[in-house]
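# My questions are about this predicted structure, shown below with the sequence.
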Amino acid sequence: MPALTPAALRAAVAQIAPAHLPAFVEHLDRAAEQSAEQSTIAPLRSFLQWWGEFVAVQRHPARAARLRELEALAEAAADRETLDKAVAEIQEILAAARREAAA
């Protein structure tokens, strides 16, 4: 897992999910602008956390594929039980990613 710095995360995104690099740059620019406007680093911290979690998911292809499957399942769920199961597993994946990003 890379360090939670813009440079390290940019390198990771470029390597494991290059199609997302434009979104990364746009999000970084927006976070920097918001930080300047608000005189706080909170937007930059949120940016680093979001992309850290993204990298933590994407660096495991099976985990990333499962997350996409679950998101599609949740979107198409015809009953509450299916939706609840999909959401619970999505939450587990994202919690694991949060722990990895924080470590």
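That came through fine. In this text, all values refer to a predicted model and were calculated from it rather than measured experimentally.
# need the helices for the protein, in chain order.
Secondary structure of the chain (DSSP state H): helices at 6-16, 21-38, 42-58, 61-76, 80-102.
# deepest of these, which one?
Most buried of the helices of the chain by mean neighbour count (mean count of other CB atoms under 10 Å) is helix 42-58; its value is a mean of 19. All C-beta atoms are positioned from the backbone trio N, CA, C, and that covers glycine.
# how far off helix 6-16 does it point, in degrees?
30 degrees (axes from the mean of the first three to the mean of the last three CA atoms, to 10 degrees).
# Any idea how far helix 42-58 is from the middle of the chain?
Helix 42-58 has its average C-alpha position 6 Å from the chain's average C-alpha position, going by CA atoms, centre = their mean, to the nearest Å.
# now stretch 33-47
Chain-centre distance of stretch 33-47: 18 Å, with CA atoms, centre = their mean.
# Just the endpoints, please. Distance across that stretch?
Using CA to CA, to the nearest Å, one end of stretch 33-47 lies 12 Å from the other.
# Quick check: mean pLDDT of that stretch?
The average of the pLDDT scores along stretch 33-47 is 95.
# for residue 3, phi and psi?
Note on residue 3: its backbone torsions stand at phi -60, psi 150 [degrees, to the nearest 10].
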